[in-house]
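A.B. asks: what's the 3D shape of this:
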Amino acid sequence: MKKEKLLRYVFLLAASVAILTIFLIFVFMAVKGVPLFFKVPLTGFLFGTDWSPTKGHFGAFPLIVGSFLVTLGAVAIGGPLGIAVAIFLSEIASSRVANFIRPTVELLAGIPSVIYGFFGIMLIVPLVRTFVGGAGFGFISASFVLAIMILPTIAALTEDTLRSVPKAHKWGSLALGATEWQTIKKVTLPSASEGILSAVILGIGRAIGETMAVLMVIGNAPIIPTSLRDPFSTITSVVALDMSYASGEHQEALFALALILFIISMSLVAMLRFVSRQRSTR
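C.D. replies: As a prediction, this is how the structure comes out:
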């Protein structure tokens, strides 16, 4: 009994450390970033369109829009690809083929982001420049690079969800005369829809927080893009570029940006928990 109580306290301590760490990170960024809002109105910071820290202009709206645009682009490309890979591995491929492809897809998650950035600069940016025009940096290049980066996350979690669908559901559908594709479309995917949504939400969280790869292919212009060929910036790219030399209000603005990104990420986690809870109560 004493050993069990000791282990219980150890596990409680570990959980408390995790919660405390998140709380301290939030407090640290708030202490560093919130003072800016006593000098710059919160609405002006969130919805202002002029990001010129050296002139005292801290309009973060182009950066927020840029972060959401590139994230949506990445999910629009990587989401369907990841789900398609998961369907192939769990429902179509033989065990031999699946055992060969699965580790290859999982290896994509272990490649450093800077390598993805070099890949984007050397291959994707020239292709975009040739077929779309412009400098090649911007929405399309960043979306493709991020799509490749989030693909293994979405594929792995979706595959696990698809494999968790009871076999009896599939066998019942096939016994009633449905084809394999009809069974996947009408039975397997609807049964796994909440798990797939969770995978996509985690993919969004991975994409919106990515820094180095985006920094290398997005063009880094703090403007709201008006076309697919325009370079722009994201919250992460600006923080990474400016933090090494920022001071005063400029540094406070960067911490405020980081705080906004933290809140967005925590909102995505909360959304994921809500989806999981809704699934468990059914």
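
A.B. asks: which helices and strands does the helix or strand harbouring Leu72 pack with?
C.D. replies: Per DSSP states H and E: Leu72 is located in helix 61-87. The contact analysis (3 or more C-beta pairs under 8 Å, 6 or more residues apart in numbering; DSSP states H and E) places helix 61-87 against helix 42-47, helix 139-163, helix 193-208, helix 235-242, helix 249-280. Yep, even glycine has a C-beta here, placed from its N, CA and C like the rest.

A.B. asks: could you rerun that using 6 Å?
C.D. replies: With contacts taken as 3 or more C-beta pairs under 6 Å, 6 or more residues apart in numbering; DSSP states H and E, helix 61-87 sits against helix 139-163, helix 193-208, helix 235-242.

A.B. asks: and Val239, what does it touch?
C.D. replies: Neighbour list for Val239: 254, 257-258 [criterion: C-beta atoms under 6 Å, 6 or more residues apart in numbering].

A.B. asks: could you identify which of those has the most neighbours?
C.D. replies: With neighbours defined as other C-beta atoms under 10 Å, the most crowded of these is Leu257; it has 27 neighbours.

A.B. asks: excluding its backbone neighbours, what's nearest that one?
C.D. replies: Ile235 (4.9 Å; C-beta to C-beta, 6 or more residues apart in numbering).

A.B. asks: was I right about that neighbour contacting Leu261?
C.D. replies: Yes. Under the criterion of C-beta atoms under 6 Å, Ile235 makes contact with Leu261 at 5.0 Å.

A.B. asks: quick one on the thing from earlier: residues contacting the following helix or strand past the helix holding Leu72, please?
C.D. replies: Going down the chain from helix 61-87, the next helix or strand is helix 95-107, by DSSP H and E. Defining contact as C-beta under 6 Å, 6+ apart, one finds that helix 95-107 is touched by 89, 152, 155.

A.B. asks: so which of those residues would you say is closest to Arg163?
C.D. replies: Taking C-beta to C-beta as the measure, Arg163 lies nearest Leu89 of the contacts of helix 95-107, at 9.1 Å.

A.B. asks: which stretch in the helices and strands packed on helix 61-87 has the least confidence?
C.D. replies: Out of those, helix 193-208 stands lowest, with a mean of 87 (criterion: mean pLDDT).

A.B. asks: contacting residues around that one?
C.D. replies: 67, 71, 74-75, 79, 146, 150, 153-154, 157-158, 161, 265, 268, 271-272, 275, 279.
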